[in-house]
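Student: Structure here, sequence nowhere to be found:
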C-alpha cells in the first residue's frame, strides 16, 4: 500500500467524524517515517513539530465537539456523509408552535444527533421561520445538516379551536413544500442516492430504523411495521415466505385503502420523488388517505420492499404527547402578573 | 512539558471516548520523535511499526463503534469516565409495563447514549426484571453503564384501574430500592464523585442538563427550572442578584411546601445520599410532598445550588404520553384472532 492509498483509505473512514485534520497529519507522520532512512536533522525537527500538531488537532476537534454538546456529529453534514457512499435520509417534519414544541423538537433532534446520515427538513406552519426552531438546531449541532422552511396552511384548511385533529388534513402544505425544496435542490446539485421519509415530531424512532432505510433500493419504496397505531399494538405489512414481497396488510382501520399504512411506515427512494413531480399530498382526499395519495404515484403494493427483519421488528411507534395544562398561567394573567416564562424560552 | 505529562494530559481527555489505545500510541510516537536525534536504524523500524499500529487501533475502535449503532459511548462505562475525574450522574428511573413502555425506554435510552457519564438505574415495578428492559439496554449499548433492578409496589399502595394517577404515591418503592443499591454498592467500592438524579421515562431531557449536573458541588443539591409543570410554562427557583442563592420559588401549586419543586428539578450530590441513610421517599406523605420528603434530610433552601444559567434556562420538560387506544386488539380478541403483536416485541 502506498502512502497515498493509505491516506485516502483512512481519510474515507474518518471524513464524516470530523477527524480529517488529524488523519491528514497521521498520514504525514506515516509518510515521513516510511522515508526515515534518509532523515537528516532538519527533517527530524519538522517531524517533531508535526507530531505535536497532530496532538493539537485531536485536542482541538475534541474540545470543539465537547462544547457543542454534540460529541460526534456536529462537524459532519449529511452531504459529506453521502460523498463517502452512504444514502442520505431526508427526514421531512412539519411542525407548529405549541407550548410543548421546543421540548419535542429538542428530543427528536437528540435522536437525530445519533444518525449522522440524516438531513432534517423542518417546515413550520407559520409566515416565517422561527428563532425557537433555529435555536434547537443550533444547540443540537444539526444546523449543517438541516433545512429550515416555512409554509402557512391556507386558512380554509386550518383546524378550528374545537375541531378534532383528524377532521382536516394536516401537514399537506408543509410536506409538499419540502418535496418542492428537494426537487429544486436537485435541479441545482448533482444527484446522490437518498431516501425521503416523513417524520413527525412526537412519534418515537429507534435509530436502527434509519439504518434500515439506507437499505431501500433505487426506485423502490421500503416498508416496515409501526407500533401503537390504528387501534393495534402493531400495524404491519404481511410478507410472503421468502420475506421479499408484500402480499397484504394487517390494518383493521380502513383496510380498503390501496396502501393501508401509516406515514411512519414507509420511506421512498429519492429518485422516485425527483422523477415523479406529481407525487405529492393533497387536500382533496378523505381522512387516512394521505399515504395512499402520494404512494400511488410512485409504486404498487407488489413492488414494496419489506425491511426491519422481514417486517418482524418494530422500530417506530406512533405516540402522542398529552396536551399541556396551563391553568396557572391563566391565573397569573387574571391577577395581572407576568407569565412564568417572561424573558425565557421554554 | 515532559512526555509523561503530555501522555497523561492527552489520555485524560480521551479516556472515556474509547481512544485509549490510539492515544497511548500517539504518546509513543511523540516520545520517540522527541528522542529522534539519537535514532539508529532499528529504532526507526520500530517507529514505523508503531505508526501503523496507531492507524490500526483508530480503525479498530471506529469499526467496533460503528457496528454497535452507538458511535461514541458503547465502549465506555460511567465508571471509566469517573476514573478520569468527571462526576458520574446516577439517573434513577422507576418503570412498569404498559404498551408504550418499550417505545419510551428506547427514546430515553437514545438520549442517554449521548451522555457517556450517566449510569442508568432502572427499577421495574415487577416481581422480576424483564427481558424487554434488558433488550432496550442491550440494543442501545447501555448495558455496561446501567443497573437493572426490580421492586414490586405493595398491593395496598398499588393504583386501582380507575384511580387517578396522583391518588397514591408512585415510584416510592422503586426509588428507595435504587438508593439502597447505591449505598450497598459504595460499601463495597471506593467512593467517587457523583450526583443522584430522579429521571422519569416520559419527561424530556436536554443533554445539556446532565452537563449542568456535573457542576453540583460536594454535599450540595443543585436546582434548575422545569418546563410545563404545575400548571405553568415553567416552575423555577428564584435566585438573588448574584445568582448564587435561592431565595424562593415561583410555584403556584402548594407553594407552602418546604421544597415546592418537581422531581425533575434537582440533583443530589452522591455523598449526601451515602452519609444520610434516612434520605428516602415515603408512603406517609401527602400528594406533592415526595420531593420535600427526601430533600429535608439532606439540605435547606439557603444551601441549594442554582444551575442552568442562574436558573434562566429550561433544560427539562415535564411531559406525558397519551394513553394508547387499542380498540383493534379488543376486536381481534372477540373474533378469536391472534393479537397483532403475536410473536413480536412491540
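Tutor: Noted; the coordinates are in hand. These numbers come from a predicted model, not from an experiment.
Student: hey, let's count contacts and neighbours off CA atoms from now on
Tutor: OK.
Student: got the residues of the stretch 101-250 of chain A near chain B?
Tutor: A:103-104, A:106-107, A:110-111, A:114, A:204-208, A:227-228, A:230-235, A:250 (C-alpha under 8 Å from any C-alpha of the partner chain).
Student: Return the subset of these lying in helices.
Tutor: A:103, A:104, A:106, A:107, A:110, A:111, A:207, A:208 (DSSP state H).
Student: Of those residues, which is the most crowded?
Tutor: Highest neighbour count within those: residue A:110, with 28 neighbours (other C-alpha atoms under 10 Å in any protein chain shown).
Student: Contacts only, for that residue.
Tutor: Residue A:110 is in contact with A:140, B:110, B:111, B:114, B:206, B:207, counting by C-alpha atoms under 8 Å, 6 or more residues apart in numbering or on different chains.
Student: What's the separation between the closest residue to residue A:186 other than its chain neighbours and residue A:185?
Tutor: Leaving out its chain neighbours, the residue that sits closest to residue A:186 by C-alpha to C-alpha, 6 or more residues apart in numbering or on different chains is residue A:274, at 7.8 Å. Residue A:274 sits at a distance of 10 Å from residue A:185 (criterion: C-alpha to C-alpha, to the nearest Å).
Student: more neighbours, the two?
Tutor: More crowded of residue A:274 and residue A:185, by other C-alpha under 10 Å: residue A:274, with 18 against 12.
Student: What distance do you get for that one to chain B?
Tutor: Residue A:274 sits at a distance of 30 Å from chain B (criterion: C-alpha to the nearest C-alpha, to the nearest Å).
Student: does that residue really touch residue A:184, like I thought?
Tutor: No: counting by C-alpha atoms under 8 Å, residue A:274 does not reach residue A:184; the two are 9.3 Å apart.
Student: Show me what the spatially most central residue of chain A is bridged to.
Tutor: Chain A has residue A:91 as the residue nearest its centroid, 3.7 Å off, counting by C-alpha atoms, centre = their mean. For residue A:91, the beta-bridge assignment (DSSP bridges) gives partners residue A:120, residue A:197.
Student: Could you pull up the contacting residues of it?
Tutor: A:118, A:119, A:120, A:121, A:196, A:197, A:198, A:199.
Student: redo that, cut-off 10 Å
Tutor: Applying C-alpha atoms under 10 Å, 6 or more residues apart in numbering or on different chains to residue A:91 gives the contacts A:112, A:118-122, A:146, A:178, A:195-200, A:210, A:267.
Student: Need the buried ones from these selected in ChimeraX.
Tutor: Remark: buried members of the contacts of residue A:91, expressed as a ChimeraX selection using 16 or more other C-alpha atoms under 10 Å in any protein chain shown:
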select /A:112,118,119,120,121,122,146,178,195,196,197,198,199,200,210,267
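Student: Which two of the contacts of residue A:91 have the greatest separation?
Tutor: Greatest spacing in those, by C-alpha to C-alpha: A:178 and A:210 (19.0 Å).
Student: coming back round to it: need the overlap of contacts for residue A:274 and residue A:185.
Tutor: Residues touching both residue A:274 and residue A:185 (C-alpha under 10 Å, 6+ apart) are A:179, A:191.
Student: thinking again about what came up before, list just the nearest of the contacts of residue A:110 to residue A:257.
Tutor: residue B:110 (34.4 Å).
Student: what's the pLDDT at that closest one?
Tutor: If you check residue B:110, the pLDDT there is 98.
Student: just residue A:22 next, same as before
Tutor: As predicted, residue A:22 sits at a pLDDT of 57.
Student: So which residues of the stretch 151-300 of chain A form strands?
Tutor: A:194-198, A:204-205, A:221-223, A:226-229, A:232-235, A:237-239, A:246-249, A:266-269 (DSSP state E, counting those that start in this stretch).
Student: Spit out the contact partners of residue A:147.
Tutor: Shown in contact with residue A:147 (C-alpha under 10 Å, 6+ apart): A:90, A:92, A:119, A:120, A:121, A:122, A:123, A:134, A:137, A:178, A:181.
Student: Checking my notes, it in a helix, right?
Tutor: No: assessed with DSSP: H, G, I helix; E, B strand; the rest coil, residue A:147 is strand; it does not lie in a helix.
Student: any idea how far it lies from residue A:280?
Tutor: As judged by C-alpha to C-alpha, residue A:147 and residue A:280 stand 19 Å apart.
Student: And residue A:305, by the same measure?
Tutor: Counting by C-alpha to C-alpha, the separation of residue A:305 from residue A:280 is 20 Å.
Student: if we can go back for a sec, so which two of the ones in helices among the residues of the stretch 101-250 of chain A next to chain B are the farthest from each other?
Tutor: Farthest-apart pair in these is A:103 and A:208; separation 22.6 Å (C-alpha to C-alpha).
Student: Mind splitting chain A into its structural domains?
Tutor: A:3-67, A:78-317 (the TED database).
Student: Which residues does stretch A:336-346 contact?
Tutor: With C-alpha under 10 Å, 6+ apart as the test, stretch A:336-346 has contacts from A:99-103, A:131-132, A:135, A:328-333, B:225-228, B:231-236, B:250-251, B:312-317.
Student: Put the buried members of the residues you listed into a PyMOL selection.
Tutor: In PyMOL, a selection of the buried entries from the contacts of stretch A:336-346 looks like this (16+ other C-alpha under 10 Å):
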select buried, (chain A and resi 99+100+101+102+103+328+329) or (chain B and resi 225+226+227+228+231+232+233+234+235+236+250+251+312+313+314+315+316+317)
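Student: State the distance from residue A:169 to chain B.
Tutor: Shown here: residue A:169 relative to chain B, a distance of 21 Å by C-alpha to the nearest C-alpha.
Student: What is the burial count for residue A:204?
Tutor: Per other C-alpha under 10 Å, the neighbour tally for residue A:204 reads 26.
Student: Confirm for me that it is in contact with residue A:227.
Tutor: Yes: if you go by C-alpha atoms under 10 Å, residue A:204 and residue A:227 touch, sitting 9.4 Å apart.
Student: Pull up the overlap in contacts between these two.
Tutor: Residues touching both residue A:204 and residue A:227 by C-alpha under 10 Å, 6+ apart: A:264, A:315, A:316, A:317, A:318, A:319, B:100, B:103.
Student: Not counting residues beside it along the chain, what's closest to the third one?
Tutor: Taking C-alpha to C-alpha, 6+ apart, and ignoring the residues beside it in sequence, residue A:316 has residue A:205 as its nearest neighbour in space, at 4.6 Å.
Student: Then the fourth one?
Tutor: Distance criterion C-alpha to C-alpha, 6+ apart; nearest residue to residue A:317, sequence neighbours excluded, is residue A:227 at 4.3 Å.
Student: Check the spacing between the residue nearest to the centre of chain A and residue A:263 real quick.
Tutor: Relative to residue A:263, residue A:91 is positioned 12 Å away (C-alpha to C-alpha).
Student: Overlap in contacts, those two.
Tutor: Counting by C-alpha under 10 Å, 6+ apart, the contacts common to residue A:91 and residue A:263 are A:197, A:198, A:199, A:200.
Student: Look at residue A:154 and say how many residues are nearby.
Tutor: A count of nearby residues for residue A:154, using other C-alpha under 10 Å, gives 9.
Student: oh sorry, the question was meant for residue A:326
Tutor: Number of residues near residue A:326 (other C-alpha under 10 Å) recorded here: 16.
Student: phi, psi of it?
Tutor: Dihedral angles of residue A:326 (phi, psi; degrees, to the nearest 10) stand at phi -130, psi 40.
Student: Next one: the closest residue to it other than its chain neighbours from residue A:336, what distance?
Tutor: In space, and not counting its chain neighbours, residue A:326 is closest to residue B:231: 4.2 Å by C-alpha to C-alpha, 6+ apart. Relative to residue A:336, residue B:231 is positioned 17 Å away (C-alpha to C-alpha).
Student: about what we covered before: tell me the most buried of the domains of chain A?
Tutor: domain A:78-317 (a mean of 19; mean count of other C-alpha atoms under 10 Å in any protein chain shown).
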